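Novice: Okay, here's the prediction I keep looking at, along with the sequence it came from:
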Amino acid sequence: MRSQGILVGLAVSACVLAGCSSDSSVSEAPAVSSDAAVPLNYVALGDSAASGPRIPDQVGAPGCQQSDANYPHVLAEELAVTSFVDVTCSGAVTENIVSTPQGTSSGEVPVQLDALTPETDLVTVTIGGNDVGLVSTAVQCLTFADTSATNVCKDRLTAGGVDTVAAAIADSAPSWGAMLDAVADRAPDARILVVGYGTYLPDGGCFPTQPMLPEDADYIQGSITAMNEALRTQANEHGAEFVDTEPLSVGHDVCVAADQRYFEGVVPQNPAAPLHPTAAGMAAIADGVATVVRAG
């Protein structure tokens, strides 16, 4: 039964990676509270780490797997924004933000940049994981073997002294900077926040609770950190701000008890896609972003 469950989890994870993604949604924001300091027109861009696949309640076109409990929705409510547009979509890559409409299981969705206007005041964007194939790489590292003698994913991915994930990050980084420039062109007065990816795995992982060997768990989380650092660099160089979600999610990884997780494991115990944020994780990310916004 355990192996069957893991296979189900892998299938869903692969589906999310391939773009079992949900469609864009435009939501009326909550009424602005009387003590709100500055009205905000907020637009959320990004991939499944922002859209919230399988977290109730799913909204918009099914192809984007967007939740009304994802961090953009929670953030919009916390900040009592004036207007809110969420075009996050599972399976999105950077091209889907700037130039190429995204094909989904429910049809094509427009380029996410189209949601921006000169009146946009706040933009959040979470992108990059699909550009470098992070979920598919993590799936490749899953194993039931209890020895590192014959199955170390890290060794395969760094064979010949070339780290394939690091190379993919380096190749993708310039496109992230160009995307941020395009966002600024469409919304010249907006504050742009690049929201990073979290701490999915603790040091050494937790084999066999999550079927990834310690060496591979450290490699995958190290690659997430490297991607975040590249995103931070691009944000700094292109007039945006980076919101680091790794520190706030330490101790809430895929290895802890289900009610403490901010990210689900291979076999989800919360309503969330495998290797993706839970509702609690989305709320924590929203709190972290809200703190940055309020700090000015």
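Specialist: Received, thanks. Numbers count the residues shown, from 1 in each chain.

Novice: Distance from the helix or strand hosting Val139 to the middle of the chain?
Specialist: For Val139, the host element (DSSP states H and E) is helix 134-140. On the basis of Cα atoms, centre = their mean, to the nearest Å, helix 134-140 is displaced by 14 Å from the centre of the chain it belongs to.

Novice: Give me the mean pLDDT for that helix.
Specialist: Here helix 134-140 scores 92 as its mean pLDDT.

Novice: One more: stretch 78-94?
Specialist: 98.

Novice: Render the CA-only coordinates of it in PDB, please.
Specialist: This file holds the C-alpha atoms of stretch 78-94, laid out as PDB (Å, rounded to 0.1, in the frame of the first residue of the first chain):
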ATOM      1  CA  GLU A  78      -4.100  40.700   5.100                       C
ATOM      2  CA  LEU A  79      -3.200  44.000   3.300                       C
ATOM      3  CA  ALA A  80      -6.900  44.800   2.600                       C
ATOM      4  CA  VAL A  81      -5.900  45.800  -0.900                       C
ATOM      5  CA  THR A  82      -8.100  47.900  -3.200                       C
ATOM      6  CA  SER A  83      -7.900  45.500  -6.100                       C
ATOM      7  CA  PHE A  84      -6.400  42.000  -6.600                       C
ATOM      8  CA  VAL A  85      -5.600  40.000  -9.700                       C
ATOM      9  CA  ASP A  86      -4.100  36.500  -9.300                       C
ATOM     10  CA  VAL A  87      -2.700  35.000 -12.600                       C
ATOM     11  CA  THR A  88      -0.500  32.400 -10.900                       C
ATOM     12  CA  CYS A  89      -0.600  29.100 -12.800                       C
ATOM     13  CA  SER A  90       0.900  25.700 -12.000                       C
ATOM     14  CA  GLY A  91       3.400  24.600 -14.600                       C
ATOM     15  CA  ALA A  92       4.300  28.200 -15.500                       C
ATOM     16  CA  VAL A  93       7.800  29.100 -16.700                       C
ATOM     17  CA  THR A  94       9.300  32.500 -17.100                       C
END
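
Novice: quick one: low-confidence parts of the stretch 151-296 of the chain?
Specialist: Low-confidence segments of the stretch 151-296 of the chain, defined by pLDDT under 70: 151.

Novice: Look at Leu231 and tell me its secondary structure.
Specialist: helix (DSSP: H, G, I helix; E, B strand; the rest coil).

Novice: how much space between Met227 and Leu134?
Specialist: Met227 is 7 Å from Leu134, where distance means Cβ to Cβ, to the nearest Å. Quick note: C-beta positions are derived from backbone N, CA and C, even for glycine.

Novice: Over to Val85?
Specialist: Val85 is 26 Å from Leu134, by Cβ to Cβ.

Novice: Also Asp121?
Specialist: The value you get for Asp121 to Leu134, if Cβ to Cβ is used, is 30 Å.

Novice: Neighbour count: the two, which is higher?
Specialist: With neighbours defined as other Cβ atoms under 10 Å, Asp121 and Leu134 compare such that Leu134 has more, 23 against 17.

Novice: Contact partners for that one?
Specialist: 128, 165, 197, 220, 223-224, 227 (Cβ atoms under 8 Å, 6 or more residues apart in numbering).

Novice: Next, count neighbours for Val98.
Specialist: 20.

Novice: Look up the pLDDT of it for me, please.
Specialist: 98.

Novice: quick one on the thing from earlier: identify the contacts common to Met227 and Leu134.
Specialist: Residues touching both Met227 and Leu134 by Cβ under 8 Å, 6+ apart: 128, 197.

Novice: rewinding a little: filter the contacts of Leu134 down to the buried ones.
Specialist: Buried members of the contacts of Leu134, scored by 16 or more other Cβ atoms under 10 Å, are 128, 165, 197, 220, 223-224, 227.

Novice: Quickly note the distance from Ala159 to Thr124.
Specialist: 37 Å.

Novice: Great, nothing more from me.
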